[in-house]
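S.K.: when you get a sec, could you give me coordinates for this:
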Amino acid sequence: MTPAPHYRPPARLNLLIAGMIAVLSTAASADNGWQTPRIQGYGKVKPVAGAQLQPEADRQHRIVKDVVRAAPEAGQVNEGLDRVARLVNLYALAGVPADNLDLVAVIHGKATTGVLDDAAYEAEFGITNPSTPLIQALVDAGVRLYVCSQALAHHGIDPEAVNDQVTIVSGALPALAIFQQRGYAFLP
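M.R.: Okay, here's the model as predicted:
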């Protein structure tokens, strides 16, 4: 009795399997220690042993963040809002309780379209606003979001089209100055 010939998959199948393994390995290691401790899924941070100048957990932190970065293209999360999430997550990573972080984000410039409600965003770009869940997560974490009325006017955006979680202010410039006068640290 002769042994059955050993099965060899076609070369294409071997390449496909190797490619799938590479993709799965990359996906599994892509996070590689990155975390989103307070704003889940946004603003990834990575703990670094021995990092200095950590925020003090027992201190009250008051920050006003200037948000002008837009999404790289329609259908992607607003980069400026994702950086706000990163800031929240950095403070959480340092052990600062949510009650000790008073964070305000003032949105204007190219970032303005990122705070449209879903209907207005869809009318403009053909899809719902991918930043809507992030906006809700930021508000749930205690972040106050403000958008510049002048930026809305400049971009031809009806104030009624702004997400209900975002407050319209007279202008980003006075809002940033007002919060700094109230003792908030300014982050560009």
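S.K.: how much space separates the most centrally placed residue in the chain from residue 160?
M.R.: Central residue of the chain (Cα atoms, centre = their mean): residue 82, 1.7 Å from the mean position. From residue 82 across to residue 160, the span is 26 Å (Cβ to Cβ, to the nearest Å). Every residue, glycine included, has its C-beta placed from N, CA and C.
S.K.: which is the next helix or strand following the helix-or-strand element of the chain with minimal mean pLDDT?
M.R.: Every helix and strand in the chain was compared by mean pLDDT, DSSP states H and E; the lowest is helix 11-30, with a mean of 40. Next along the chain after helix 11-30, taking DSSP states H and E as the criterion, comes strand 61-67.
S.K.: and the contacts of the very next helix or strand once past that next one?
M.R.: Per DSSP H and E, the first helix or strand lying C-terminal to strand 61-67 is helix 79-93. Defining contact as Cβ atoms under 8 Å, 6 or more residues apart in numbering, one finds that helix 79-93 is touched by 35-39, 42-45, 47, 55, 61, 63, 65, 67-72, 98, 101, 103, 105, 107, 111, 114, 131, 134-135, 137-138, 141, 143, 187.
S.K.: and for residue 62, the neighbour number?
M.R.: Around residue 62 there are 14 other residues, counting by other Cβ atoms under 10 Å.
S.K.: so it touches residue 144, yeah?
M.R.: No. In this structure, residue 62 is not within contact of residue 144 by Cβ atoms under 8 Å, at 11.2 Å.
S.K.: how about residue 155, nearest residue that isn't a chain neighbour?
M.R.: Leaving aside its chain neighbours, residue 155 sits nearest to residue 112 (5.3 Å; criterion: Cβ to Cβ, 6 or more residues apart in numbering).
S.K.: specify the local secondary structure of that neighbour.
M.R.: Assigned with DSSP: H, G, I helix; E, B strand; the rest coil, residue 112 falls in the helix class.
S.K.: what's the burial count for it?
M.R.: Neighbours of residue 112 (other Cβ under 10 Å): 25.
S.K.: what residues are up against it?
M.R.: If you count contacts by Cβ under 8 Å, 6+ apart, residue 112 has them with 147, 148, 151, 152, 154, 155, 157.
S.K.: quick one, what contacts the third one?
M.R.: It stands for residue 151. 107, 108, 109, 112, 172.
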